[in-house]
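1. my questions are about this predicted structure, shown below with the sequence.
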Amino acid sequence: MSAPATAAPTTPSRGSAPPEPRRRRRNTYGWPARGFSVPAVLVVAVLLYLPFLWTTWISFTEYNGLGSPSWVGLDNYRAMFDDPNFATSLRNTLIWVVGSITVPVGLGLLIAVLSHGMRFGGWFRLPFLIPYAISGVAVGVVWRFVLQNGGGLSQALDALGLPGADLRWLSDAPLNTLVMIGASSWQQSGVNALLFVIGLQSIPREPIEAARLDGASGWRMFRHMHWPMLRPLTTVVVGLSLVASLKTFDIVWIMTKGGPGRNAETLAVTMYEETFVNSAYGAGSAVAVFLSVVTFLAAITYLRRQLSPERAV
Amino acid sequence: MRLRHTGVAALAASTLVLAACGGGDDEDAEGAAGPGMINFYTDKGAWEPQFLEVSDVSETSLGLGLDFTGYSDAEQYSAFVRQSFRTDEKPDLFTWHTGSELEDLVTEGLLAPTTDIWQGAIDNGDVPEAMREHFTVEGEQYCVPMNAAYWVMYYNKDVFAEYGLTEPTSWAELMTIADTLKAGGVTPFYETNILFSFVWFQTLMAGTDPELYNALGTGEANYTDAGVVAVMEQWQSMLEAGYFGDPGDQTAPQDQLKNGTVAMINFGTFLSGQLNSVDMVSGEDYDFFLIPNVNPDLAQTSLIFETGPMCTALDAANETSALQYAEWWMTEEAQTAWANARGDVSFNPKALVQDQLLAGLNEQSASGDYLLLERYFEATPTPVLTAALDGFSAFVTNPGDPTSILQTIEAEADAYWAEQG
């Protein structure tokens, strides 16, 4: 005889029934507590919300940084979408997104997996981690010396008799964007590796041991055990890389100034160029708003998708 | 008792803090720099020693000195100056640009006029009358010239001596020199695709048709005109012939000349100071010549010059003292100190320039044989300039049909001049 379908379990069983929703407790602090939060709220409002609202307003105006902005409606947005440089910038940003998600995340994962459990694994990872201590600007300066025409890389290739010595690494598109992604990966892979190592170390031993007893090892172990259990960490690493790549600026500006002929510009560089080089604050703000919206939507869409209960491990 | 003492101490500390916070209201009318010092801002941060050298002279003779703040990034500096006008901390004295950038500030009524200072300096023979127009907006003068520079051709004397070359007196001779150097495996001319990508366009255009050059700056001619296309094609043929160094080489021009990477550099006379800084000696290791016209039929040789203004904000804390300083800056004493500190020419013909080459150029340029033309960078409105720099940068990197580049610049120019009415 089976139990009636409506019968409630008499004893709590782990994982069988959803936990009863917690009743929200009203705190008893009241207005004094809210009063204490006012300074923090004000700081956030003044330093984050207000500039964003101001930038949005400026994007609907023509403004050269002097005098008063004059309202032009959607003109800046129309001009932005009509500008072929914007299309180039968008293309380069997409290359950055794809490159930054695959190369430094992939390399970071590889370094983490190879060094995890290895004797002296920490020493193996250390050289990869050191570049993260350097600022993006310094990385750009160093790699500019290496990659400029006739620079370190070209000279090395020439000396070794290898092909590529004549390549103009920073002049020709999309080669310049690709090598800059390489330079950025040099800096980012180490910290991604560190995060993945933390993820690997936090995986419980029991299921791994069980899988090992079942005969899993090598690629199968990684594919079916480590990789799924690393998912929360991977979500964070990829999410951070996604947002960082969308707003790539420093390394591009330092290594190429977005050129020559604006062929290496990203959206963040276009925003800077319009605002501070052309003193077209309205046009620059339009790019800034567009970039903010894209970044926000990309981050939200990605995180929603990754963190939805259906996809949870 | 202890509580009462603590309370008194807290009250005293609070009072001190409040007094410190509120101190700004009682500040001396002379501003933050204090009496005798003028707040001075510039994007030429690397020139600080030279500015301070002149400041030492002015402190002695004028009783005013410069409180120097230098920026090394031109864009950040521009944004800083623009935003400072929205505050009460307007710069007393600051460097800027002529052309549309100057007009922007004047249109908004942000600058103190300097018409009287100019008239006095011209009457005193401290500045050529011809320079006044570059500081004039709607009939009134603003700012004073901070510096002046001519664009000439620098060359490495050892390289010239090695190939038995002498300074050319015609374009044909210049091209022969380039061919000789190229045949000897030496790159004749320096080229860059960052910022100064406009230099050879400027030289070829001004040396071929100076009227058309000026007309491009005023919107009376189009970038798609046949004359401009012909100049671009000539530039293209020179690029394809291998006359220029690698535009992507980011080695400093002075180092390229010193190392013999290139034999000649088409540059402003401020390169003298940079060459001296790498231990090249004027007249021994390097020299320069005025670039001959491409078109030999022109009556005068085109000579590109540039000048950067030093301006005073209207209603700045030290406006009166700053204007006094600006007036002094144009004098023989100030310009002698400045030109020698910088190792450059001066706009003041009476300035005693120690570098004999530069002193000679100062005299030569005033001889009447030369047609002074404003540098392309200042002569071109900012949005058009940006499009042109991008286009020229791409052109020198990948020489090819210039049509699309010229059309892009022209589209920007059309939009700009249409807006100006």
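-> Yep, that arrived. Residues are numbered from 1 along each chain as shown, chains lettered A, B, ... in the order given.

2. quick check: A:Ile208 vs A:Met221, distance?
-> Distance, A:Ile208 to A:Met221, using Cβ to Cβ, to the nearest Å: 8 Å. (C-beta placed from N, C-alpha, C; glycine too.)

3. which stretches in the stretch 251-400 of chain B count as strands?
-> Along the stretch 251-400 of chain B, counting by DSSP state E, counting those that start in this stretch, strands occupy B:262-268, B:286-289, B:301-311, B:370-374.

4. please convert those to TSV, extending it with distance to A:Ala33, mean pLDDT and mean neighbour count.
-> Converted to TSV, those look like this (distance: least, Cβ to Cβ, whole Å; pLDDT from 0 to 100; neighbours: other Cβ atoms under 10 Å in any protein chain shown):
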stretch	distance to A:Ala33	mean pLDDT	mean neighbour count
strand B:262-268	64	96	25
strand B:286-289	73	96	20
strand B:301-311	53	94	23
strand B:370-374	65	91	18
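
5. distance to B:Leu110 added to the ones you listed, as TSV?
-> What follows is these, written out as TSV (distance: least, Cβ to Cβ, whole Å):
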stretch	distance to B:Leu110
strand B:262-268	28
strand B:286-289	38
strand B:301-311	9
strand B:370-374	23
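
6. so which of those is nearest B:Asn214?
-> Closest to B:Asn214 of the strands of the stretch 251-400 of chain B is strand B:370-374 (Cβ to Cβ; 6.9 Å).

7. so what's A:Gln187 up against?
-> By Cβ atoms under 8 Å, 6 or more residues apart in numbering or on different chains, the residues touching A:Gln187 are A:Pro131, A:Tyr132, A:Ile134, A:Gly136, A:Val139.

8. what residues does chain A have near chain B?
-> A:64-67, A:85, A:144, A:148-150, A:168, A:170-172, A:257, A:259-263, A:272-273, A:275-280 (Cβ under 8 Å from any Cβ of the partner chain).

9. element containing B:Tyr41?
-> Using DSSP states H and E, B:Tyr41 maps to strand B:37-42.

10. same for that strand, what does it pack against?
-> Applying 3 or more Cβ pairs under 8 Å, 6 or more residues apart in numbering or on different chains; DSSP states H and E, one finds that strand B:37-42 contacts strand B:65-70, helix B:74-84, strand B:93-95, helix B:319-329.

11. how about that strand as PDB, C-alpha atoms only?
-> Coordinates of the C-alpha atoms in strand B:37-42 are reproduced here as PDB (Å, rounded to 0.1, in the frame of the first residue of the first chain):
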ATOM      1  CA  MET B  37      53.600  83.400  -7.400                       C
ATOM      2  CA  ILE B  38      51.300  82.600 -10.300                       C
ATOM      3  CA  ASN B  39      49.600  79.300 -10.800                       C
ATOM      4  CA  PHE B  40      50.900  78.100 -14.200                       C
ATOM      5  CA  TYR B  41      49.600  75.000 -15.900                       C
ATOM      6  CA  THR B  42      50.900  73.300 -19.100                       C
END
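
12. quick check: buried residues in whichever helix or strand comes after it?
-> Going down the chain from strand B:37-42, the next helix or strand is helix B:48-61, by DSSP H and E. Residues of helix B:48-61 classed as buried: B:Gln50, B:Phe51, B:Val54, B:Ser55, B:Val57, B:Ser58 (neighbour count, 16 or more other Cβ atoms under 10 Å in any protein chain shown).

13. out of these, the closest to B:Pro91 would be?
-> B:Phe51 (14.2 Å).

14. so who does the closest one touch?
-> With contacts taken as Cβ under 8 Å, 6+ apart, B:Phe51 has the following neighbours: B:Phe40, B:Thr42, B:Lys44, B:Leu66, B:Phe68, B:Gly70.
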